[in-house]
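1. pasting the sequence and the predicted coordinates here, then a few questions.
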Amino acid sequence: MVSLQAEALIPTPWGNFRMMAFAEDADNWMPHLALVHEKFNPNQPTLVRLHSECITGDLFHSRRCDCGEQLYRALEMTAEKAGIVIYLRQEGRGIGLINKLKTYNLQDMGLNTVDANVHLGLAVDAREYDIAVDMLLQLGVRQLHLLTNNPDKIEALEHSPLEVLSRIPIVIPPQAENSQYLQTKRETMGHLF
């Protein structure tokens with residue numbers, strides 16, 4: 001589906017990672033990314049985080065969600081364990097940034113994150129993980145410890161050639177601005193906190 005188009009060493013506050021851009025062709029402006037720790041060893045079980053893009057949280061540190069904090073915690077943990085963060089370009093649980101902003105307005109009027117998506121005629125969660133599996137296989141990963149709270153990610157990887165040895169929770173303390181959002185994720189979407 002996708003192949004490695006370019007890579008470079010990226011020093012971060014958490015450690016050195018090879019940023020690897022995966023796409024169908026080299027002209028793609030929005031490739032999926034693998035941040036592979038410089039000491040990654042494909043012959044050992046790997047700590048892996050599948051992270052879907054969240055511009056509001058990852059880049060602008062929005063407190064409406066915990067996505068940015070999860071990303072930074074995942075980079076810290078994968079740096080400690082020579083792991084991988086897969087950064088998937090599927091903003092807003094796969095609905096895109098424009099629709100995500102529309103759902104924020106509906107949430108401000110009292111709908112939760114799930115009901116806001118449904119109100120707009122969108123899927124509750126339209127993300128797919130086949131590309132992440134393909135990327136991990138191309139990187140040589142066969143066994144992994146999955147850093148996630150999302151049961152859909154667990155299921156997707158368990159139905160792939162990859163062997164999930166364990167699920168490791170990613171714990172981020174809730175804040176006043178995102179506590180309702182996190183409660184909806186737990187109660188309605190089955191996230192494991």
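-> Now that the structure is in, tell me what you want to look at. Being a predicted model, the structure only gives us computed values, none of them experimental.
2. that's a strand at residue 123, yeah?
-> No: counting by DSSP: H, G, I helix; E, B strand; the rest coil, one finds residue 123 to be coil, located in no strand.
3. what residues are up against it?
-> 93-95, 117 (C-beta atoms under 8 Å, 6 or more residues apart in numbering). Backbone N, C-alpha and C define where each C-beta goes, glycine included.
4. residue 111 and residue 105 touch, don't they?
-> No: between residue 111 and residue 105 there is no contact under C-beta atoms under 8 Å: 9.4 Å.
5. between the two, who's got more neighbours?
-> residue 111 (17 against 10; other C-beta atoms under 10 Å).
6. phi first, then psi, for the closest residue to the more buried one other than its chain neighbours.
-> Leaving aside its chain neighbours, residue 111 sits nearest to residue 119 (6.2 Å; criterion: C-beta to C-beta, 6 or more residues apart in numbering). Backbone torsions of residue 119, given as degrees, to the nearest 10, read phi -60, psi -40.
7. where's residue 119 relative to residue 31, distance?
-> In this view, residue 119 and residue 31 are 32 Å apart by C-beta to C-beta, to the nearest Å.
8. more neighbours: which of these two?
-> Neighbours per residue (other C-beta under 10 Å) separate residue 119 from residue 31, with residue 31 holding more: 19 against 13.
9. contact partners for the more buried one?
-> Contacts of residue 31 (C-beta under 8 Å, 6+ apart): 2, 5, 21-23, 89.
10. for the residue of the chain positioned farthest from its centre, list the residues it contacts.
-> Computed with C-alpha atoms, centre = their mean, the maximum C-alpha offset from the centroid of the chain is found at residue 109, amounting to 27.4 Å. With C-beta under 8 Å, 6+ apart as the criterion, no residue contacts residue 109.
11. picking up where we left off before, is the residue nearest to residue 111 in contact with residue 110, as I believe?
-> No: between residue 119 and residue 110 there is no contact under C-beta under 8 Å: 10.9 Å.
12. report the central residue of the protein.
-> residue 51 (1.1 Å).
13. for that residue, phi and psi?
-> Backbone torsions of residue 51, given as degrees, to the nearest 10, read phi -120, psi 120.
14. beta-bridge partners for it, please?
-> For residue 51, the beta-bridge partners are residue 87 (DSSP bridges).
15. contacting residues around it?
-> Taking C-beta under 8 Å, 6+ apart as the test, what residue 51 contacts is 67, 70-71, 74, 85-88.
16. farthest-apart pair in the residues you listed, please.
-> 67 and 86 (14.3 Å; C-beta to C-beta).
17. so for these two, which sits in the more crowded spot?
-> residue 86 (25 against 21).
18. my guess is that one contacts residue 136. True?
-> Yes: Residue 86 is in contact with residue 136 according to C-beta under 8 Å; the separation is 6.9 Å.
19. need the residues touching each of those two.
-> What both residue 86 and residue 136 touch, as defined by C-beta under 8 Å, 6+ apart, is the set residue 48.
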